[in-house]
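Asks: I would like the atomic coordinates for the input below:
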Amino acid sequence: MVKHIVLFRLKEDLDVEARSRVADDFKVAIEALPAKIDFIRHIEVGININGDESFDVALYSEFDTLDDVRAYSRHPDHIAASGIIKPYTEARACVDYEF
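Replies: Coordinates of the predicted model:
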């Protein structure tokens, strides 16, 4: 099994309302993906409640294999969901590891 974790830092110039809207819309879209992509074993999005930290949004997901992670990253529904946050992202960090 592989855990796929992605952290997003939203652009500083976004106002509070825009930051909240982007994060909420992204969460809804990502968490709807298991109904469309059957090889996602688990997925969730967390919105940071501690504004003093470096990242604003965390995506946590589980897959059977690294090939599944790669297929997920190329899936049209994932690309559409990622398009919600991508224009507003200042930095992104990702890690994939076996467990």
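
Asks: Okay, helices next: where are they in this structure?
Replies: 16-31, 66-74, 76-85 (DSSP state H).

Asks: So what touches stretch 30-49?
Replies: For stretch 30-49, the external contacting residues (CB atoms under 8 Å, 6 or more residues apart in numbering) are 1, 23-24, 26-27, 55-64, 68, 71-72, 75, 77-78, 81. Where you see a C-beta, it was placed from the backbone N, CA and C, and this is true even at glycine.

Asks: One more: stretch 4-24?
Replies: 45, 47, 54-63, 69, 72, 84-85, 88-96.

Asks: Pull out the buried members of those residues.
Replies: 45, 55-57, 59, 61-63, 69, 72, 84-85, 88-89 (16 or more other CB atoms under 10 Å).

Asks: Among those, which lie within strands?
Replies: Val45, Val57, Leu59, Ser61, Glu62, Phe63, Thr89 (DSSP state E).

Asks: what is the first one paired to in the beta sheet?
Replies: Bridge pairing for Val45 (DSSP bridges) gives the partners Leu59.

Asks: residue contacts, the residue nearest to the spatial centre of the chain?
Replies: Of all residues in the chain, the one closest to the mean position by CA atoms, centre = their mean is Leu59, 3.8 Å from it. Shown in contact with Leu59 (CB under 8 Å, 6+ apart): His4, Ile5, Val6, Leu7, Phe8, Ile30, Ile43, Glu44, Val45.

Asks: Give the closest residue to the fifth one in space, chain neighbours not counted.
Replies: What it means is Phe8. In this structure, Phe8 finds its nearest non-sequential neighbour in Val57, 4.3 Å apart by CB to CB, 6 or more residues apart in numbering.

Asks: what's the answer for Ala71, then?
Replies: Phe39 (6.9 Å).

Asks: Adding pLDDT and distance to Glu17, write the ones in strands among the buried ones among the contacts of stretch 4-24 out as a markdown table.
Replies: Below are those laid out as a markdown table (pLDDT from 0 to 100; distance: CB to CB, whole Å):
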| residue | pLDDT | distance to Glu17 |
| --- | --- | --- |
| Val45 | 99 | 19 |
| Val57 | 98 | 16 |
| Leu59 | 99 | 22 |
| Ser61 | 99 | 28 |
| Glu62 | 99 | 32 |
| Phe63 | 99 | 34 |
| Thr89 | 99 | 17 |
